[in-house]
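Visitor: Below are the sequence and a predicted model for it; my questions follow.
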Amino acid sequence: MLSYRHAYHAGNFADVLKHLTLINILNYLTEKDKGCCYFDTHAGGGDYNLRSEYAQKNREYETGIAKLWLREDLPEAIAAYVNVIKAFTTSKQLTRYPGSPLIAQHLLREQDRLELCELHSTELHALKQSMFKDKRVRVWHEDGMQYTLKALPPKERRGLILIDPSYELKTDYAQIIKNLLVMVKRFSTGTYALWYPVIERARINKMERALVASNIKNILLVELGIRSDSLFKGMTASGMIIINPPFTLATKMHTILPWLAQELGEQGHGSYRNEMLVPE
Ligand SMILES: C[S@@+](CC[C@H](N)C(=O)[O-])C[C@H]1O[C@@H](n2cnc3c(N)ncnc32)[C@H](O)[C@@H]1O
């Protein structure tokens, strides 16, 4: 299958929340000197040209990063995200958007390492190009969930596993949770960040119920919606489920999410969630 190309979606409102969360977790992990690892199970191509035919097709970046790019009144935590994205562009214009591997590569240090998985051969090629000659990085043409499962627990015993599937099959929702539960069993102190799209709310409710019913503790859910849930409007919202989040994250999200819902929401229909699904 593998028809998904992230270039159509780069920089949209879902990427804003995903990458803002990613930056906050990596900044927290790198506060300590000890090295950490970063696994990106579904890495994508890494670097997106917003002038490309793909990005221009639906101009999805206009629902996200474009609304923040030139603002000078951003709350501090959102400005920190925009500044990371700006570090990849020399001009003042918004022409390029970095994917999760590039953002992580930018924020991680000499003592850290990155393991990136991508199945689509075109995306894999682009990813290898953008990671060129970085000794901290390994790129794998493998199923990201299976590869990461085998690699856990990591030798550093501290790290982030970003799980950002394209959900091309309806069965992916249940399968991802099943694999995530096994990962947490193998590496229970790791931080996990799972992205999800709200296309059909019932699928997300089911994922949440499965996580709550597991024995896993310390699960935070953050979500940003730009229009009301509907079966006919495509992706209305998206969220991140974070296991073992930095203890500062929920508090930060209390200022970030209402602001984003207000500014990115369509015609006053922005919404957000910031909930501990399971406490520590
Ligand atoms: C949502 S995109 C990733 C975007 C990226 N994480 C970012 O934030 O910039 C999902 C990617 O997963 C790839 N993919 C799909 N199934 C996969 C699998 N089983 N293992 C690894 N990659 C997969 C797709 O080709 C696609 O490039």
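Guide: Arrived safely.

Visitor: For the residue of the chain found nearest the ligand, which residues are in contact?
Guide: The chain approaches the ligand most closely through Gly99 (2.6 Å), counting by C-beta to the nearest ligand atom. Just so you know, the C-beta spots here come from the backbone N, C-alpha and C atoms, and that holds for glycine as well. Contact partners of Gly99, counting by C-beta atoms under 8 Å, 6 or more residues apart in numbering, are 6, 10, 43-48.

Visitor: pretty sure Ala79 is in a strand, no?
Guide: No: the assignment for Ala79 (DSSP: H, G, I helix; E, B strand; the rest coil) gives helix, which keeps it out of a strand.

Visitor: Buried residues, the strand or helix carrying Tyr48. List them.
Guide: Tyr48 is part of strand 47-49, with elements assigned from DSSP states H and E. Of the residues in strand 47-49, 47-48 count as buried by neighbour count, 16 or more other C-beta atoms under 10 Å.

Visitor: Please apply the same query to stretch 73-87.
Guide: With burial defined by 16+ other C-beta under 10 Å, the residues of stretch 73-87 counted as buried are 74, 78, 81-82, 84-85.

Visitor: Same question for stretch 40-57.
Guide: In stretch 40-57, counting by 16+ other C-beta under 10 Å, buried: 40-48, 50, 54-55.

Visitor: hang on, the earlier thing: other SSEs contacting the helix or strand following the strand holding Tyr48?
Guide: Past strand 47-49, further along toward the C-terminus, the next helix or strand under DSSP H and E is helix 53-58. Helix 53-58 is packed against strand 47-49, with contacts defined by 3 or more C-beta pairs under 8 Å, 6 or more residues apart in numbering; DSSP states H and E.

Visitor: who touches the strand it packs on?
Guide: Contacts made with strand 47-49 from outside it, assessed by C-beta under 8 Å, 6+ apart, are listed as 6-7, 10-11, 54-55, 88, 95-99, 102, 126, 129-130.

Visitor: Among those residues, name the buried ones.
Guide: Restricting those to buried positions leaves 6-7, 10-11, 54-55, 96-99, 102, 126, 130, with burial counted as 16+ other C-beta under 10 Å.

Visitor: check whether the helix or strand hosting Val184 contacts the ligand.
Guide: Following DSSP H and E, one finds Val184 within helix 172-186. No: with C-beta under 6 Å from any ligand atom as the measure, helix 172-186 is seen stopping short of the ligand, the closest distance being 8.4 Å.
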